[in-house]
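K.L.:
just a sequence and a predicted model for now, questions to come.
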Amino acid sequence: MGIFDRFKNQAQDKAKDMSDAGEQKINDKTGDKYADKVDDAQQRAEGALGMDRDRPEQP
């Protein structure tokens, strides 16, 4: 694994952490009233950025 691959993996991990933190903050602010919609929006946004969690990591 090259240095650029490691950098890419670290950036994706950081982006996933930030996405999770954003989801949690929104759910906290709304009292989980829109949790299903927030989760759906998070998955679509991550998918658009190539961070689909349901898909295995690509080499």
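P.N.:
Everything's here; your move.

K.L.:
please identify which helix or strand holds the closest residue to Ala35 other than its chain neighbours.
P.N.:
In space, and not counting its chain neighbours, Ala35 is closest to Asn27: 5.3 Å by Cβ to Cβ, 6 or more residues apart in numbering. Heads up, the C-betas are built off the backbone N, CA and C, glycines and all. Taking DSSP states H and E as the definition, one finds Asn27 inside helix 3-30.

K.L.:
and that helix, what's its mean pLDDT?
P.N.:
When pLDDT is averaged along helix 3-30, the result is 90.

K.L.:
what number of residues are in the vicinity of the residue nearest to Ala35?
P.N.:
Other residues near Asn27 come to 15 when the count uses other Cβ atoms under 10 Å.

K.L.:
what of Asp20?
P.N.:
If you count neighbours by other Cβ under 10 Å, Asp20 ends up with 12.

K.L.:
ok, now Ala48?
P.N.:
By the criterion of other Cβ under 10 Å, Ala48 has 9 neighbours.

K.L.:
cool, the one 4 residues further on as well?
P.N.:
Residue neighbour count, defined by other Cβ under 10 Å, stands at 13 for Asp52.

K.L.:
does it really touch Glu46, like I thought?
P.N.:
Yes: taking contacts as Cβ atoms under 8 Å, Asp52 lies within contact range of Glu46: 6.4 Å.

K.L.:
list the residues that contact the residue nearest to Ala35.
P.N.:
34-35, 38 (Cβ atoms under 8 Å, 6 or more residues apart in numbering).

K.L.:
pick out the residue nearest the middle of the chain.
P.N.:
For the chain, the residue nearest the mean C-alpha position is Lys16 (3.5 Å; Cα atoms, centre = their mean).

K.L.:
which non-adjacent residue is nearest that residue?
P.N.:
Met51 (6.2 Å).

K.L.:
phi, psi for the one you found please.
P.N.:
Main-chain torsions, Met51, degrees, to the nearest 10: phi -110, psi 40.
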